[in-house]
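Chemist: Fold the stuff below for me.
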Amino acid sequence: MDEILTFPFGRTQVLSGMHASKHVAEHLVNANRKRALIVTDHGLSEIESVQEFFKSLQKAGLETVIYAGITANPKDHEVMEGVQIYKEKLCDVVLGIGGGSSLDAAKCISAMVRHEGDIMDYGRSTPNRKYFTNGREMLVLIPTTSGTGSEISPHAVITNTKIGRKSDVEEALFYCDFVVLDTVFTLTMPEEITKDTGIDALTHLIDSYMNRKMLLHRSPFHDAVALEGIRLISENLRDALKKGEGNEKARENMMWAAMMGGFVLALDAGSIHGLAGMLQKYRPEMTHGQSVGIMMPVCMRHNIPAFPKRFQKIAEAMGVNTLGMKEEEAAEAGIEKIKKLLHDIHFKTMGDFHFTEEEIEEFYEAGSDNSCMRNNPLMFSPQEVKEIYMETLKECW
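Modeler: Predicted structure coming up:
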């Protein structure tokens, strides 16, 4: 059996290493679990490495009920369907495996099994929002992408199909019982998903590091985690896209960086995420990773005046030698380093999605009113937001 690292993160036990997932069955049996609801998507459930994991659970005597009905941007009715299956099949543990969509759905299912109503009753933006007061079921989360960091985050983003809009359900009980970082699941991840989720993780780290809270209150702990995550992505994302030698280590480092991003994102995001939402609304085919990655360079540039020294630290984490540079100069060099990374992995631009200035005129004010904008270190006026969108439209790498 491969060597794995096991350590506690608060109440969460983390298992990491190649084939770490083989140890899950042992932990569930020791916890006297009998029947697991596997929450995932249809495509992932058919991958060989995932099927082998299911077999390891069954070999240990665990029954598995596979719910592969989760889609991108998980829907409220998918969560409630999972809750119904869990109850009907008398399951006693929720096991989410997949990207952020599957993990977010699994978190919500584990809580809704013990609560009344609909998952959207518990959304942060819901009027007279309800709160989870009866705990949750045992929860195991196994990411197969390196992007959202959902496995170590108190957030779950669910689409409210009644109004056609995403809603954030945030609860401390979403910190799960076990996180499993098993590189084997990422080795077959397609190139497009690898780059989009990798840049998603980078924006989590940077947007949280730029958060207004970090301007007002210093947290060396969050600083250290964010900067190390930025360094890992800078040094490993390109190699993660390659096949052959070095790929496994790069994939492992990307999983760590994604989890770091999920951790610091608990501080909330700022303008990168705040303004990216309108891009996806106008171009539903755009992934979340693409939308935030596209907005990242210009949003960073407009935030430099808030704390140039912090941007210098980002540049250094990206590998820039800032010796002899002024803070503002170093900050710009860091942004150029990020643009070089986007160029090297052939990341899409706003122009690639054929946005127009007329569309920006339609949506810039709505973008400026996004709740994430309140967490930004600088308060941008609607006109400043319009300038950010317009600059991003002309940006290339």
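Chemist: The helix or strand containing Met296 packs against which elements?
Modeler: Following DSSP states H and E, one finds Met296 within helix 288-303. Packing partners of helix 288-303 (3 or more Cβ pairs under 8 Å, 6 or more residues apart in numbering; DSSP states H and E): helix 191-209, helix 271-282, helix 308-317, helix 327-344, helix 382-394. Glycine gets a C-beta too; all of them are placed from N, C-alpha and C.
Chemist: 10 Å instead?
Modeler: Other elements packing on helix 288-303 under the criterion 3 or more Cβ pairs under 10 Å, 6 or more residues apart in numbering; DSSP states H and E are helix 100-112, helix 191-209, helix 271-282, helix 308-317, helix 327-344, helix 382-394.
Chemist: what's the angle between the shortest one and helix 191-209?
Modeler: Meaning helix 308-317. 150 degrees (axes from the mean of the first three to the mean of the last three Cα atoms, to 10 degrees).
Chemist: could you say what helices and strands helix 308-317 packs with?
Modeler: Counting by 3+ Cβ pairs under 10 Å, 6+ apart, the packing neighbours recorded for helix 308-317 are helix 191-209, helix 220-240, helix 288-303, helix 327-344.
Chemist: Could you dump those into JSON lines with mean neighbour count added?
Modeler: Output for the helices and strands packed on helix 308-317, formatted as JSON lines (neighbours: other Cβ atoms under 10 Å):
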{"stretch": "helix 191-209", "mean neighbour count": "25"}
{"stretch": "helix 220-240", "mean neighbour count": "20"}
{"stretch": "helix 288-303", "mean neighbour count": "24"}
{"stretch": "helix 327-344", "mean neighbour count": "19"}
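Chemist: Now render these as TSV, adding mean pLDDT and distance to Leu103.
Modeler: Shown next, in TSV, are the helices and strands packed on helix 308-317 (pLDDT from 0 to 100; distance: least, Cβ to Cβ, whole Å):
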stretch	mean pLDDT	distance to Leu103
helix 191-209	96	12
helix 220-240	97	18
helix 288-303	97	14
helix 327-344	98	26
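Chemist: sorry, back to before: any idea of the angle the helix holding Met296 forms with helix 271-282?
Modeler: Going by the same axes, to 10 degrees, helix 288-303 makes 140 degrees with helix 271-282.
Chemist: Restrict helix 288-303 to CA atoms and write it as CSV.
Modeler: The C-alpha trace of helix 288-303 is given here as CSV (Å, rounded to 0.1, in the frame of the first residue of the first chain):
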residue,chain,number,x,y,z
HIS,A,288,-16.4,29.6,-13.9
GLY,A,289,-12.6,29.2,-14.2
GLN,A,290,-12.6,31.0,-17.6
SER,A,291,-14.6,33.9,-16.3
VAL,A,292,-12.5,34.6,-13.2
GLY,A,293,-9.2,34.0,-15.1
ILE,A,294,-10.2,36.5,-17.8
MET,A,295,-11.0,39.2,-15.1
MET,A,296,-7.9,38.6,-13.0
PRO,A,297,-5.2,40.8,-14.5
VAL,A,298,-7.2,44.0,-14.9
CYS,A,299,-8.9,43.6,-11.5
MET,A,300,-5.5,43.2,-9.9
ARG,A,301,-4.1,46.2,-11.7
HIS,A,302,-6.9,48.4,-10.4
ASN,A,303,-6.4,47.2,-6.9
